[in-house]
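Engineer: next come a sequence and a model predicted from it.
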Amino acid sequence: MNIPWQSKPRNCTEVLWRHTSNPIISRYHIPSSNSIFNSAVVPFNDGFAGVFRCDDRSIRMNIHAGFSSDGLNWKIEDQPIQMKAGNTDLIHSDYRYDPRVTWIEDRYWVTWCNGYHGPSIGIAYTYDFKEFFQCENAFLPFNRNGVLFPEKINGNYVMLSRPSDNGHTPFGDIFLSRSPDMKYWGEHRFVMGVTPFQESGWQSTKIGAGPIPIKTDDGWLIIYHGVINTCNGFRYSMGAAISDLDQPEKLLYRSRPYLLAPTELYEMTGDVQNVVFPCAALVEGDKIAIYYGAADTSVCLCYGYISEIIQFVKKNNVE
């Protein structure tokens, strides 16, 4: 597997650097779309597959499958994914958005924000990104940002999520839940919350898990978004944390400064201004390519080294 990659610019002093041709997927990438953003990508066969959030021109939110040979040039299906029955006959979605995807044992698991009397966490599985089988919602409404760990931990599936409300949530902390069978979820544990404004303002309003956690010798590397409420509205940035491998609810480190914030025009202007929203990451050795939604309008990429991110988090830890 060759993940998308561009070398670090000589004059770059940041931990992450942007793909020079961002956005890699524009808002009108398929005929029906108003915007494509906050999407998930994984290695698949000799290339990559993904589940993409595509809001159509009626602003109906849905998820679509896509394929790519290089992780940059994508063929995204114009029609939304049609679910079949998995471990439930209840296949109900008023809307679907902000998917994540990971391989666990023998199949790819998809999570997303699923509309069922308000936002819940939808779950489905697929083997080929052509047929998808929907399972029971993980949690009661209201909840967002359901992110599975890429392996069972102590015999259980494990998921991060953010309990919320039914609107544009002005609050939010990250919790962890466990399931023996990907149907019944419990053992809910607090992982981390918002920070005091004077301590780390960029994540003082709400936070939410981003890409699938990455297993390292130092612990689980968790990339997440943080939000500050400014006089110009919410501003979404990207940060990172590290949790214990065996007890992933036990937080070890968390970055005080952000890793990436909206500074480019395509991140600052769009359907929702000032948004950097990470949803997927590809890893090859020490290299990491992070896919993120920009201004709730398009899909972008940034790059970094896992070792440098870990060093940055440890050096700039929120006490």
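Structural biologist: Yep, that arrived. Numbering: from 1, shown residues only.

Engineer: show me what whichever helix in the chain runs longest is packed up against.
Structural biologist: In the chain, taking DSSP state H as the definition, the longest helix is helix 306-315. Under the contact definition 3 or more Cβ pairs under 8 Å, 6 or more residues apart in numbering; DSSP states H and E, helix 306-315 sits against strand 214-216, strand 219-230, strand 233-243, strand 251-254, strand 287-294. Every residue, glycine included, has its C-beta placed from N, CA and C.

Engineer: rounded mean pLDDT for the fourth one, please.
Structural biologist: The predicted model assigns strand 251-254 a mean pLDDT of 98.

Engineer: adjacent strands (with direction) for that strand?
Structural biologist: According to DSSP bridges, strand 251-254 forms sheet pairs with strand 233-243 (antiparallel).

Engineer: going by neighbour count, list what's buried in the strand it pairs with.
Structural biologist: Using 16 or more other Cβ atoms under 10 Å as the test for burial, strand 233-243 gives 234, 235, 236, 237, 238, 239, 240, 241, 242, 243.

Engineer: ditto for stretch 118-131
Structural biologist: Using 16+ other Cβ under 10 Å as the test for burial, stretch 118-131 gives 119, 120, 121, 122, 123, 124, 125, 126, 129.

Engineer: where's residue 93, which helix or strand?
Structural biologist: In this structure, residue 93 sits in neither a helix nor a strand according to DSSP states H and E.

Engineer: that one against residue 116, yeah?
Structural biologist: Yes: between residue 93 and residue 116 there is a contact under Cβ atoms under 8 Å: 7.2 Å.

Engineer: what do these two both touch?
Structural biologist: residue 122 (Cβ atoms under 8 Å, 6 or more residues apart in numbering).

Engineer: neighbour count: the two, which is higher?
Structural biologist: Taking neighbours as other Cβ atoms under 10 Å, residue 93 and residue 116 compare with residue 93 leading, 22 against 16.

Engineer: so what's residue 303 bridging to?
Structural biologist: Judged by DSSP bridges, the bridge partners of residue 303 are residue 17, residue 289.

Engineer: what's the neighbour count on the nearest residue to residue 123 once chain neighbours are set aside?
Structural biologist: Nearest residue to residue 123, sequence neighbours excluded (Cβ to Cβ, 6 or more residues apart in numbering): residue 135, at 4.3 Å. Neighbour count for residue 135, taken as other Cβ under 10 Å: 22.

Engineer: for residue 135, list the residues it contacts.
Structural biologist: Residue 135 is in contact with 86, 87, 88, 123, 124, 125, 182, 183, counting by Cβ under 8 Å, 6+ apart.

Engineer: JSON lines for those, including secondary structure?
Structural biologist: Listed next are the contacts of residue 135 as JSON lines, based on DSSP: H, G, I helix; E, B strand; the rest coil:
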{"residue": "86", "secondary structure": "coil"}
{"residue": "87", "secondary structure": "coil"}
{"residue": "88", "secondary structure": "coil"}
{"residue": "123", "secondary structure": "strand"}
{"residue": "124", "secondary structure": "strand"}
{"residue": "125", "secondary structure": "strand"}
{"residue": "182", "secondary structure": "coil"}
{"residue": "183", "secondary structure": "coil"}
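
Engineer: show me what the one helix or strand residue 36 maps to packs onto, helices and strands only.
Structural biologist: Using DSSP H and E, residue 36 sits within strand 33-44. Using 3+ Cβ pairs under 8 Å, 6+ apart as the contact criterion, the elements in contact with strand 33-44 are strand 47-56, strand 96-104, strand 107-115, strand 276-284, strand 287-294, strand 298-305.

Engineer: now that strand, how far from the centre of its chain.
Structural biologist: In terms of Cα atoms, centre = their mean, to the nearest Å, the gap separating the centre of strand 33-44 from the centre of its chain is 10 Å.

Engineer: now that strand: buried residues?
Structural biologist: Buried residues in strand 33-44 (16+ other Cβ under 10 Å): 33, 35, 36, 37, 38, 39, 40, 41, 42, 44.

Engineer: is the closest residue in space to residue 29 that isn't next to it in sequence bridged to anything, and to what?
Structural biologist: Excluding the flanking residues, the one nearest residue 29 by Cβ to Cβ, 6+ apart is residue 36, at 5.3 Å. Residue 36 has these beta-bridge partners by DSSP bridges: residue 54.

Engineer: residue contacts, residue 36?
Structural biologist: 25, 26, 27, 29, 30, 52, 53, 54, 55, 76, 298, 299.

Engineer: separation between residue 39 and residue 105?
Structural biologist: Separation of residue 39 from residue 105 (Cβ to Cβ, to the nearest Å) stands at 24 Å.
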